[in-house]
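>>> return atomic coordinates for the entry below.
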Amino acid sequence: MLKIHQTRHALQHLKTHRQHRKMTTSSACCDIPPVTTHDYQPKGKYEQLGSYKTYVTGDKTSGRALLCAYDIFGFFPQTIQGADILASQGFYVTMPDFFHGKPYPLDQAPPKNDEQKQNYKDFFATTANVEENVKQAAKLGEELKKQGLNKIGIYGYCWGGKIAVLSAGQGSPFHAAAQIHPAMVDANDGKKVTIPVASFISKDEPEEAVQEFHKNVASNSDIASKSVWKRYPTVHHGWAAARGKLDDAENKKQYEDVYRQLSSFFKANL
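Prediction:
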């Protein structure tokens with residue numbers, strides 16, 4: 001009887017632990033500034049970080065930095081406003097121009113003809129090569145450490161989400177990572193992360209793959225309880241970055257929510 005009781009207790013503990021991992025950290029205390037829907041005026045400035053022109057915003061003396069990997073469309077008002085929101089929560093936020101002024105054109109996504117399809121393929125093979133940009137993200141993380149930032153997180157959207165997750169492995173200069181409406185989700189990546197990870201997905205990402213990713217993250221007891229994920233079933237892929245439609249009430253509502261969640265996650269882990 002004792003063995004049966006212990007088994008039931010273990011199963012209940014596992015169920016509770018899984019629920020905890022799916023829940024995001026409390027965001028009720030995060031008072032983000034009002035979201036601007038048109039003609040957003042950035043609060044930061046552009047500086048050089050390593051070899052990259054970089055949008056920087058927030059208080060550098062906080063000691064807590066975030067490196068943002070934007071989506072394939074580069075600098076956009078919605079993405080920059082997101083950085084400013086996180087900066088308002090006490091972070092020094094840096095957004096390097098990984099593409100050196102040559103992002104993928106928004107009006108060609110998705111590709112509409114053979115020429116655009118080839119351009120899209122070439123873009124990911126060169127400018128947006130994942131392996132090379134993960135290396136560059138690590139170098140930028142190390143550069144931030146040299147500048148005296150002792151707690152550093154990385155977050156990214158779509159393509160940038162993949163960069164963030166692959167930057168979370170052994171020897172990472174980062175202390176926490178987050179992916180927002182991520183592209184190229186691979187459950188096996190979850191086996192390699194060594195720092196807390198958050199995933200915020202839209203209705204368009206493969207929920208099953210994200211669940212499997214976080215199950216693999218949970219196999220690392222050091223980060224399992226600190227890693228979180230949440231699905232946003234009412235918004236589309238891109239709602240928090242370049243493709244965000246902030247004049248749409250539901251998009252705006254979930255945009256505000258995901259930045260509260262990001263802030264709470266990084267406050268808890270940096």
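>>> low pLDDT regions in the protein?
1-30 (pLDDT under 70).
>>> same thing but 90
Scanning the chain with the threshold set as pLDDT under 90 gives 1-31.
>>> tell me where it has helices.
Counting by DSSP state H, residue ranges of the helices within the chain are 2-22, 77-87, 114-125, 130-146, 159-166, 207-217, 249-269.
>>> got the CA coordinates for the fifth one in CSV?
Same thing as helix 159-166. C-alpha atoms of helix 159-166 as CSV (Å, rounded to 0.1, in the frame of the first residue of the first chain):
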residue,chain,number,x,y,z
TRP,A,159,14.5,33.7,-36.7
GLY,A,160,15.8,35.5,-33.7
GLY,A,161,14.1,33.0,-31.4
LYS,A,162,16.2,30.2,-32.9
ILE,A,163,19.3,32.3,-32.3
ALA,A,164,18.3,32.8,-28.7
VAL,A,165,17.6,29.1,-28.0
LEU,A,166,20.8,28.0,-29.7
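>>> quick one: contacts of it?
By Cβ atoms under 8 Å, 6 or more residues apart in numbering, the residues outside helix 159-166 that reach it are 68-72, 98, 128, 130, 133-134, 137, 154-156, 177-184, 189, 193, 197. (Glycine included, C-beta is placed from N, CA and C.)
>>> strands - which of those land there?
Taking DSSP state E, the ones among the contacts of helix 159-166 that sit in strands are Cys68, Ala69, Ile154, Tyr155, Gly156, Ala177, Ala178, Gln179, Ile180, His181, Pro182, Val197.
>>> looking at those, spot the one nearest Lys112.
His181 (21.6 Å; Cβ to Cβ).
>>> ok, the closest one to Glu256 distance?
Look at His181 and Glu256: by Cβ to Cβ, to the nearest Å, they are 15 Å apart.
>>> give me the more crowded residue out of the two.
Each of His181 and Glu256 had its neighbours counted (other Cβ atoms under 10 Å), and the higher figure belongs to His181 (28 against 19).
>>> what about the spatially closest residue to Gly63 that is not a sequence neighbour, neighbour count?
Counting by Cβ to Cβ, 6 or more residues apart in numbering, the nearest residue to Gly63 once its immediate chain neighbours are dropped is Asn150, at 5.2 Å. The burial metric for Asn150, expressed as a neighbour count using other Cβ under 10 Å, is 11.
>>> re earlier: mind putting the helices of the chain in TSV, distance to Ser62 included?
As requested, the helices of the chain are exported to TSV (distance: least, Cβ to Cβ, whole Å):
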stretch	distance to Ser62
helix 2-22	28
helix 77-87	9
helix 114-125	35
helix 130-146	12
helix 159-166	20
helix 207-217	27
helix 249-269	11
